[in-house]
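Q: Test case, fold it:
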Amino acid sequence: MSIECRKTRLEFVCLVIAIFYGQIVSGDDGVSRDTTDRFGRPDKSRIVVGFNNSNCSICHSKGTSDSSVKLPPNVRGRGNDGWILGDEISTWYEHDFHHQAFSVLLNEQSQQIAKRLGIVDKNTKESLVHRDRRCLSCHSSMPVDQMAVDAVVDANRVVDKENKENQDYNTKDDPLYNIGVSCEACHGPAGGSNGWEKRHYDADWRTMNPKIKFEEFGYWDIHSPRTQTRICLSCHLGNVEQKKVITHEMYAAGHPPLPSFELSQFVHQMPRHWRRIEEKPKSLTKNVIEKLRQYNQDCDFALIGDNELAATKLTVISTLVTLEESMRLTAGLIADPDASSQWPELANYSCFACHHELKREGWRKRSRLSKFPGRPTLHEWPFSLSRVVAQEVLSANSYSLFENNINNVINAMTARPYGDSTELKKSAAALAKSLEIETKQLNCKTIDPEFGIRFLTKIATAGSNETTDYDSARQFVWAYERTLNALNNPVNLNEIVAPREKLPNPDRWVGGHPILDEFEQDLVLWLRANRTDTLSVSLGTKEQTFEQSQRTTNVSETLKKIGDYDSQKTSERFQRLLKTPVDQTEQTR
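A: Sure thing, here's the model as predicted:
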């Protein structure tokens, strides 16, 4: 037997053992994970400081590019040595919709949702959605476990943490909530006896092992693609462990549908308010990168090499982590009876398995995840791009196991209407565990231009399928655009520092290729599209108030595009992309 063959067989056996062992140690629910991700439900010693109560603005707000922008009170900045951009808060406040996550709970659309769900004051019938922890879990930076509630009155009604009897309390006046999704939502709660807020000022912080930062100071490893994906997906998909679950009732009451998620595209459109390590000044990063390589013997995090495609690497890893998190959400919803009002939780299923046009030969009847007509399936989009990625990055044996695990999920999902919950929980947990193992190894995989060209071909091939659903089509287009962009802008480690103007701040969808631009006719590719301006709201205490502007999703316009979607057009465009040599593209951003 050849060495290569023995290596492949050993790799396969080790993976099977790891998966089996993972299921044993994970307990009956089958949804626990490896804690080395350095992100998770914060323990009680890690408390949220709050944007206005922290010193974030001292270094991270050197000013705004628009003098008309009114930041919250007491936000002032100072210079830095180039390690940070210095204008992170300004970018977040001017361009990033996360800053209005709380204030949208006060607009007319949210008030109507509250009334339909019964989240109102029993006397005045006014909306209390801005004090409901099910909503605040994702519309603020406060972890659910740190929200004070009065279980006697309402187990979901948030009250004054310092004085539960305070009848005048309102989250509108509380800076722990009213600033929206800010620093600690992504970097982790910064306070407590040994929190990272004060520690991260020190000179040795930059070269400290990310494992130490997390375990001793509670700082989430945001540079890890796995961690970054899981942080975002905790709200943009759902997380039972953190009690972040959107339900079918919320959708029925008018909550905008969560879009499919492709991390690299979301980061690009957000826009990004940071330089990656390889983009920082070389005079500052040499020692840091050497240290990180020493720490990274087990491929715990991704370091980008010269001529690599940074955005594509993020797409590749995050796509598989997204499927992993989708499976954990499914298994978690089944395992935890308190996570949702009931199983099946219909929000976890493909909306258009039921909500579609009545056509005898409609394309939605030909779902690739369904084996029996009329049986709803889970959302298709987490599987679609994952299969493309898996074909390119997994070994033959690992890919075979991957497809077998997916088939087990499909069989359990369609064994009866809404699935066999016992088998679905088991198969979903097994698929999640196998992806957890595989994605950690991808941190050390080189994603070079040759990979990128092959990846574009595989995306276009998958997109040419005549039954590609709306959300999967968006996944394919988003991944194609980010990879095409990366091919035209590979990492250059000889660049002294990436200038601020090179960091993207797009204001519309630009596909970088005529065919990619055509997709916008049928798909909502620009995430800020179909937004309407609403009245600003006044937030803050009686002593200090500030105005928060809003842009609200126009659900009708979004749903119209979904309803009019024609998979045949998607197929035809991807077939044309297959015939277009990559070197003939005209990437413009």
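
Q: Now for Val419, how many residues are close by?
A: Slight slip there: residue 419 is Gly, not Val. Residue neighbour count, defined by other CB atoms under 10 Å, stands at 27 for Gly419. Where C-beta positions appear, they are placed from N, C-alpha and C, glycine not excepted.

Q: name the element the closest residue to it other than its chain neighbours belongs to?
A: Spatial nearest neighbour of Gly419, excluding adjacent residues (CB to CB, 6 or more residues apart in numbering): Met413 at 4.3 Å. Assigned by DSSP states H and E, Met413 belongs to helix 396-414.

Q: Report the angle between the helix or strand that that helix is followed by and helix 396-414.
A: With elements assigned by DSSP H and E, the helix or strand that comes after helix 396-414 is helix 421-442. Between helix 421-442 and helix 396-414, the angle comes out at 150 degrees (axes from the mean of the first three to the mean of the last three CA atoms, to 10 degrees).

Q: What is the subsequent helix or strand relative to helix 421-442?
A: Past helix 421-442, the next helix or strand by DSSP H and E is helix 449-463.

Q: roughly how far out does that following helix sit from the chain middle?
A: Averaging C-alpha positions (CA atoms, centre = their mean, to the nearest Å) puts helix 449-463 23 Å from its chain's average.

Q: that older thread, check which helices and strands the helix holding Met413 is in contact with.
A: The contact analysis (3 or more CB pairs under 8 Å, 6 or more residues apart in numbering; DSSP states H and E) places helix 396-414 against helix 3-25, helix 381-393, helix 421-442.

Q: for the chain, longest helix please?
A: Selection of the longest helix in the chain by residue count, based on DSSP state H, yields helix 310-335.

Q: just checking, what packs against it?
A: helix 225-236, helix 263-269, helix 381-393, helix 421-442, helix 449-463, helix 470-488.

Q: Buried residues of that helix, list them for me.
A: 310-335 (16 or more other CB atoms under 10 Å).

Q: tell me the angle of that helix relative to helix 470-488?
A: Going by the same axes, to 10 degrees, helix 310-335 makes 150 degrees with helix 470-488.

Q: quick check: angle from helix 310-335 to helix 381-393?
A: 130 degrees.

Q: From Ala311, how far out is the nearest residue to Leu314 once chain neighbours are set aside?
A: Excluding the flanking residues, the one nearest Leu314 by CB to CB, 6+ apart is Ser264, at 4.4 Å. Distance of Ser264 to Ala311, computed by CB to CB, to the nearest Å: 5 Å.

Q: again, but for Gly82
A: Counting by CB to CB, the gap from Gly82 to Ala311 is 23 Å.

Q: got it, and Ser386?
A: Taken as CB to CB, the span from Ser386 to Ala311 is 17 Å.

Q: Equivalent analysis for Tyr177, please.
A: In terms of CB to CB, Tyr177 sits 33 Å off from Ala311.

Q: Can you report how many residues neighbour the residue nearest to Gly419?
A: 25.

Q: wait, what's in contact with Leu320?
A: The contact partners of Leu320, taken as CB atoms under 8 Å, 6 or more residues apart in numbering, are Ser386, Val389, Ala390, Leu435, Glu438, Thr439, Leu442.
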